[in-house]
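>>> below: sequence and its predicted model.
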There are 2 protein chains.
Amino acid sequence: MVALVKRVALVGGIHGGEFTGVFLVKKFQQSPLIIQRDGIEAITLLANEKAIATGRRYIDTDLNRTFNRQDLANPQLNNYEQSLAKKIARRIEQEKIDLIVDLHSTTANMGLTIILHDTHPYVLRLAAYLVEVNPEIKILQYNQNKDAPYLRNLVELGLTIEVGAVANGLLDARLFQATEELIHTILDYLEADSQGKPLSVPTSFTFYSVIRTVDYPRNQNGEIQAMIHPQLQFQDYQPLNPGNPMFVTFNGEEIFYQGNETVYPVFINEAAYYEKAIAMHFTQKQEWEAASN
Amino acid sequence: MVALVKRVALVGGIHGGEFTGVFLVKKFQQSPLIIQRDGIEAITLLANEKAIATGRRYIDTDLNRTFNRQDLANPQLNNYEQSLAKKIARRIEQEKIDLIVDLHSTTANMGLTIILHDTHPYVLRLAAYLVEVNPEIKILQYNQNKDAPYLRNLVELGLTIEVGAVANGLLDARLFQATEELIHTILDYLEADSQGKPLSVPTSFTFYSVIRTVDYPRNQNGEIQAMIHPQLQFQDYQPLNPGNPMFVTFNGEEIFYQGNETVYPVFINEAAYYEKAIAMHFTQKQEWEAASN
């Protein structure tokens, strides 16, 4: 297999309040030897420094929704994050980045999640390796077009690391350490690959594919009318079966899942998604088979 | 015992991101019968609507540090929260409020905590009753002078309800329901009291008295150099003994508690306290005895 990846960008702080990635990138910048690997150039980037300084997701608009090609080429889009996105896109291009690793955290109980945004065989093999090294890692897959507004769409190969549950604006030591270990595993894999000694990967792994988005019950003014049900809270990646409770209203009435098939919700009760009309994503559990790729 | 309390203010959203209190107050405003009690007038207040709308703690400055008498009388202090504090102080005065119940949440694992800011016998008896009804409630006590900058210092009788662990900007249904139940217990107590039929209270209860504040290890630029140790994370109100781990640096070195006596930390890893140089408060465990008051 031809090694595609020579230059990787480790990006933290696309969202200012997600401190795990912010402080990992700061650590790597202070001690660059930690991320040094033969044949691999790892570039670090603290993306949204103004939002980081205030511990907020963003200043004017969500930076990780400003990276589609059309918007980047539009000189009229120039609020703080829109301008920043153009600067970051230029940097990624100038650095000739092959792979973006984008570090995020979530208030949902998603443990260590790798988000894949396409089905490029290189990234699928890497994901297979990561799950083999640490079976607690979950692989989440979105089907997105090439023009999605996310950072990792700037290059052909990208993945997001999403860790939780952790509140915004603070550090959870266990998740910090687990995320760092995951980054080392990725770099080790890339190093072996770039040296022409690719590591063996399993021929199959389980992943979760997003099938649809579910909003909170809302009134005509858009105000939420119910909360995530206590039995669903923190149950990311667990089966939600027809008839299981999903929400509870402020008066205590339960709202049940009305679908016909078992789904596996993720991003349950992510704080940043209240404004995006997302209470959770439903996923299907699937198997990736090397032979079919 | 003479009933002191006829008019109580239930205040949510002093900090915009603390949704438990915000949505409880919204519920009470939509269904005022819920908080109606004989002989008691319960006033509701959504304090910082601009911060609530953006899900942030504050816009310009922490509202709950702007209520000392001197600042309220200073016309030169007029940023958003400073002006708002003056408006709220006028409202509390006009409404002739006897007791303020200030609803907060925390990213620390403090369960249902009642914070007392003085040792007024009326509030101590109320606290004793609440602990009897729900033994999971913790009583936390600060020794503060009358000129502290907090909302509840506006009147003689005040208490804060602090619930967690919950991230900012989201609702945890279990904590929402438990907090509402606690408010009902308070109102029931006040009602009985105002009817001249005071409820019996236990003659003693355990409380935790704040003795000092501990910051994160920081470098010369004020940047934190360590995280809460995984063994201490979420262990609010549990004993911290000499030699127990407190922090872990970004390189994995452990930092241990060097004191000579057992303490009981609270507000461990509260997100809003990173900027206030507070990693946790140390408390001592004490007994309140009715006879000694």
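Structure received.

>>> residues touching A:E41, list them.
Under the criterion of C-beta atoms under 8 Å, 6 or more residues apart in numbering or on different chains, the contact list for A:E41 reads A:K6, A:R7, A:V8. In this view, the C-beta of every residue, glycine as well, is placed from N, C-alpha and C.

>>> of these, select the buried ones using a ChimeraX command.
Selecting in ChimeraX just the buried members of the contacts of A:E41, where the criterion is 16 or more other C-beta atoms under 10 Å in any protein chain shown, is done with this command:
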select /A:7,8
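
>>> which of the contacts of A:E41 sits closest to B:P135?
Nearest to B:P135 among the contacts of A:E41, counting by C-beta to C-beta, is A:V8 at 53.4 Å.

>>> which of the contacts of A:E41 fall in strands?
In strands, defined here by DSSP state E, the members of the contacts of A:E41 are A:R7, A:V8.

>>> get me the contact residues on the stretch 101-250 of chain A for chain B.
A:107, A:165-174, A:176-177, A:224, A:227-230, A:233, A:248, A:250 (C-beta under 8 Å from any C-beta of the partner chain).

>>> where do the strands sit along the stretch 101-250 of chain A?
Chain-ordered strands for the stretch 101-250 of chain A, with DSSP state E, counting those that start in this stretch as the definition, fall at A:111-116, A:138-141, A:157-164, A:204-214, A:226-228, A:245-249.

>>> who does the first one touch, helix- and strand-wise?
Contacts defined by 3 or more C-beta pairs under 8 Å, 6 or more residues apart in numbering or on different chains; DSSP states H and E place strand A:111-116 against helix A:121-133, strand A:138-141, strand A:157-164, helix A:173-194.

>>> could you redo the last one with a cut-off of 7 Å?
Using 3 or more C-beta pairs under 7 Å, 6 or more residues apart in numbering or on different chains; DSSP states H and E as the contact test, the elements touching strand A:111-116 are helix A:121-133, strand A:138-141, strand A:157-164.

>>> could the ones you listed go into CSV alongside mean neighbour count, mean pLDDT and distance to B:P32?
As requested, these are exported to CSV (neighbours: other C-beta atoms under 10 Å in any protein chain shown; pLDDT from 0 to 100; distance: least, C-beta to C-beta, whole Å):
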stretch, mean neighbour count, mean pLDDT, distance to B:P32
helix A:121-133, 19, 95, 54
strand A:138-141, 22, 97, 44
strand A:157-164, 23, 96, 37
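
>>> which of those sits closest to A:R212?
The closest of the helices and strands packed on strand A:111-116 to A:R212 is strand A:138-141. By C-beta to C-beta, the value is 13.8 Å.

>>> for the closest one, C-alpha coordinates in CSV please.
The C-alpha coordinates for strand A:138-141 follow below in CSV (Å, rounded to 0.1, in the frame of the first residue of the first chain):
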residue,chain,number,x,y,z
LYS,A,138,-16.0,3.9,18.8
ILE,A,139,-16.1,4.7,15.1
LEU,A,140,-18.8,7.1,14.0
GLN,A,141,-19.4,7.8,10.4
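
>>> pull the residues that contact that strand.
Among residues not part of strand A:138-141, those counted as contacts by C-beta atoms under 7 Å, 6 or more residues apart in numbering or on different chains are A:110-111, A:113-116, A:127, A:131, A:205, A:207-210, A:237, A:266, A:283.

>>> run the last query once more with 6 Å
Under the criterion C-beta atoms under 6 Å, 6 or more residues apart in numbering or on different chains, residues A:T113, A:I114, A:I115, A:L116, A:A127, A:F207, A:Y208, A:S209, A:Y237 lie in contact with strand A:138-141.

>>> cool, stretch A:149-167 as well?
By C-beta under 6 Å, 6+ apart, the list of residues contacting stretch A:149-167 from outside reads A:14, A:20, A:64-65, A:67-68, A:89, A:92, A:97-100, A:102-110, A:112-116, A:122-123, A:172, A:175, A:179, B:107, B:167, B:271.

>>> re the thing from before, quick check: of the contacts of A:E41, which lies closest to chain B?
The shortest gap between chain B and any of the contacts of A:E41 belongs to A:V8, at 20.8 Å (C-beta to the nearest C-beta).

>>> tell me what the closest one is bridged to.
Partner residues in beta bridges with A:V8, using DSSP bridges, are A:A42, A:L99.

>>> is it true that it touches A:I100?
No. In terms of C-beta atoms under 6 Å, A:V8 does not count as a neighbour of A:I100; the distance is 7.6 Å.

>>> quick one: which of the contacts of strand A:138-141 is nearest chain B?
A:T113 (17.0 Å).

>>> report how many residues lie close to that closest one.
For A:T113, the neighbour count with other C-beta atoms under 10 Å in any protein chain shown is 22.

>>> which residues touch it?
With C-beta under 6 Å, 6+ apart as the criterion, the residues that contact A:T113 are A:K138, A:L140, A:E162.

>>> check A:G13 too.
In this structure, A:G13 makes contact with A:V22, A:L46, A:A47, A:N48, A:I52, judged by C-beta under 6 Å, 6+ apart.

>>> and for A:G12?
Counted by C-beta under 6 Å, 6+ apart, A:G12 has contacts A:G21, A:V22, A:L24, A:V25, A:L46, A:L103.

>>> per-residue pLDDT, the closest residue to chain B within the stretch 1-150 of chain A?
As assessed by C-beta to the nearest C-beta, chain B sits closest to A:T107 within the stretch 1-150 of chain A, at 4.3 Å. Among the per-residue scores, A:T107 holds a pLDDT of 98.

>>> just for chain A, where's the confidence low?
Segments of chain A classed as low confidence (criterion: pLDDT under 70) are A:1-3, A:291-293.

>>> quick one: furthest residue from the center of it?
Relative to the mean C-alpha coordinate of chain A, counting by C-alpha atoms, centre = their mean, the farthest residue is A:N251 (34.3 Å).

>>> ok, it to chain B distance?
In this structure, A:N251 and chain B are separated by 8 Å, where distance is defined by C-beta to the nearest C-beta, to the nearest Å.

>>> and that residue, helix, strand or coil?
Secondary structure assignment for A:N251 (DSSP: H, G, I helix; E, B strand; the rest coil): coil.

>>> repeat that for A:R91.
When states are read from three-state DSSP, the local structure at A:R91 comes out as helix.

>>> give me the neighbour count for it.
In terms of burial, A:R91 registers 15 neighbours under the definition other C-beta under 10 Å.

>>> shouldn't A:L170 be in contact with B:Y273?
No. Proximity of A:L170 to B:Y273 does not meet the contact threshold set by C-beta under 6 Å, at 9.1 Å.

>>> what about A:N109, how many residues nearby?
Using other C-beta under 10 Å as the criterion, A:N109 is surrounded by 18 other residues.

>>> revised request: answer the last question for A:L84.
Residue neighbour count, defined by other C-beta under 10 Å, stands at 21 for A:L84.

>>> after the helix or strand that contains A:A53 comes which helix or strand?
Taking DSSP states H and E as the criterion, the element that holds A:A53 is helix A:49-54. Using DSSP H and E, the next helix or strand after helix A:49-54 towards the C-terminus is helix A:69-72.

>>> pull out the buried residues from that following helix.
A:D71, A:L72.

>>> so how far is that helix off the chain centroid?
Its chain's C-alpha centre and that of helix A:69-72 lie 21 Å apart, by C-alpha atoms, centre = their mean, to the nearest Å.

>>> thanks a lot, see you next time.
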